[in-house]
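1. Generate a structure from the sequence data that follows.
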Amino acid sequence: MVLSIRQKRFLFKTISLFSVIRGYNILILVLAQYLAAIYILASDKPWHTVLLDTNLFVIVLASALAIAGGYIINNFYDAEKDIINRPGKSMIDNYTSQNTKLTVYFILNFLSVILASYISFKAVLFFSGYIFLLWFYSHKLKKYPFIGNLTASILTITPFFAIFVYFHNFELIVFAHAGFLYLLIFMRILAKDLANLSGDFAQNYKTIPVVYGEKTTKIILTFLALLTFIPAWLLISSYDVGKMQYYFYIAMFLIGVFVVALWWVNRRKEYILLHTLLKIIILAGIFSIALIEADILARNFL
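-> Okay, here's the model as predicted:
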């Protein structure tokens with residue numbers, strides 16, 4: 001089957017837009033939210049009840065749309081920097097015009113707020129504020145050291161906070177999981193800043209590596225890595241996390257490897273590898289949530 005020119009353009013634009021909104025990240029986020037809801041936040045409920053919860057579905061979908069919009073506006077403001085840092089991806093992303101990106105951005109945000117209205121007026125305020133902060137971060141905050149990193153980390157875990165509120169689950173174990181994830185995300189963002197040092201410097205982004213240098217950034221990363229051991233050990237020693245304990249043992253080992261390697265590397269490709277290692281640890285953690293109670297599905301079927 002031979003595609004027409006119009007069909008090829010549509011296909012390329014679809015791929016380009018999927019790259020801009022980082023569709024793979026959105027899918028992972030949706031999976032992470034449902035796994036957290038089933039195995040952590042509402043573990044006392046049958047899994048199918050949680051899975052078929054209409055309100056939860058709306059919250060997850062509204063979160064996905066808002067974050068997709070956040071990726072678009074971030075891509076819009078970072079267009080010049082990405083040409084330096086990620087020329088390959090930038091070529092794919094730029095196949096979609098800036099006008100199209102902005103149009104899709106407003107549509108996604110509008111749909112997110114409309115969906116939130118199905119839940120409550122408070123949900124509308126929550127997602128409206130979240131959308132504003134995503135824009136303000138991309139437009140202003142990300143250019144400043146510490147504030148940009150802190151904001152990015154908070155915005156990443158905010159969709160999980162929405163589910164915490166929905167299920168009214170504020171137990172310590174939830175915050176321990178959230179703390180471990182937050183620290184890993186903070187580390188990943190700093191590692192990404194090290195890899196993007198050239199582009200950030202050229203575009204006058206005041207990131208931590210640009211302002212304070214690589215050595216200071218490595219010291220901060222080492223400190224954050226040590227902090228991850230606190231919630232990880234708390235979860236292993238004080239709570240029944242089932243077979244997920246093996247994930248935390250492996251994660252702590254890999255974080256140790258990350259710290260050792262961090263002080264030996266100084267090139268962009270090497271920083272990208274370390275950034276990828278942190279992404280793998282985070283991704284593995286998401287899938288490992290199901291190991292908290294490996295027999296939960298069997299119990300719910302009985």
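
2. Just give me the neighbour total for the closest residue to residue 263 other than its chain neighbours.
-> Spatial nearest neighbour of residue 263, excluding adjacent residues (Cβ to Cβ, 6 or more residues apart in numbering): residue 218 at 6.2 Å. C-beta coordinates here come from the backbone N, C-alpha and C atoms, glycine included. Number of residues near residue 218 (other Cβ atoms under 10 Å) recorded here: 19.

3. again, but for the one 10 residues further on
-> Neighbourhood size, residue 228 [other Cβ under 10 Å]: 23.

4. Per-residue pLDDT of it, please?
-> On pLDDT, residue 228 comes in at 96.

5. quick one: it and residue 47, what's the gap?
-> 29 Å (Cβ to Cβ, to the nearest Å).

6. do the same with residue 204
-> In terms of Cβ to Cβ, residue 204 sits 49 Å off from residue 47.

7. ok, these two, which is more surrounded?
-> Legend: neighbour count by other Cβ under 10 Å for residue 204 and residue 47, higher for residue 47 (19 against 9).

8. The more buried one and residue 194: what is the separation?
-> 40 Å.

9. and if you look at residue 141?
-> 19 Å.

10. Give me the more crowded residue out of the two.
-> A count of neighbours by other Cβ under 10 Å puts residue 194 above the other of residue 141 and residue 194, at 24 against 16.

11. In which helix or strand does the more buried one reside?
-> Per DSSP states H and E: residue 194 is located in helix 172-195.

12. which ones are touching residue 254?
-> 277, 280, 281 (Cβ atoms under 8 Å, 6 or more residues apart in numbering).

13. got any ranges where the chain has weak pLDDT?
-> 1-3, 7, 293-302 (pLDDT under 70).

14. so the spatially most central residue of the chain is in which element?
-> Nearest to the mean C-alpha position of the chain, counting by Cα atoms, centre = their mean, stands residue 156 at 4.6 Å. Under the criterion of DSSP H and E, residue 156 resides in helix 147-167.

15. what angle sits between that helix and helix 172-195?
-> 150 degrees (axes from the mean of the first three to the mean of the last three Cα atoms, to 10 degrees).

16. Could you check how far residue 175 is from residue 169?
-> Counting by Cβ to Cβ, the gap from residue 175 to residue 169 is 10 Å.

17. Residue 279 too?
-> Taking Cβ to Cβ, one finds residue 279 at 27 Å from residue 169.

18. How about residue 243?
-> 22 Å.

19. Was I right to think residue 195 contacts residue 272?
-> Yes. Between residue 195 and residue 272 there is a contact at 4.9 Å, judged by Cβ atoms under 8 Å.

20. the more surrounded of these two?
-> The residue with more neighbours, out of residue 195 and residue 272, is residue 195; 23 against 18, by other Cβ under 10 Å.

21. Name all residues that make contact with the residue nearest to the more buried one when sequence neighbours are not counted.
-> Spatial nearest neighbour of residue 195, excluding adjacent residues (Cβ to Cβ, 6+ apart): residue 271 at 3.9 Å. Residue 271 makes contacts with 191, 194, 195, 265, as judged by Cβ under 8 Å, 6+ apart.

22. Output the longest helix belonging to the protein.
-> helix 208-238 (DSSP state H).

23. Buried residues, that one. List them.
-> 208-210, 214, 217-218, 220-222, 224-225, 227-229, 231-232, 234-236 (16 or more other Cβ atoms under 10 Å).
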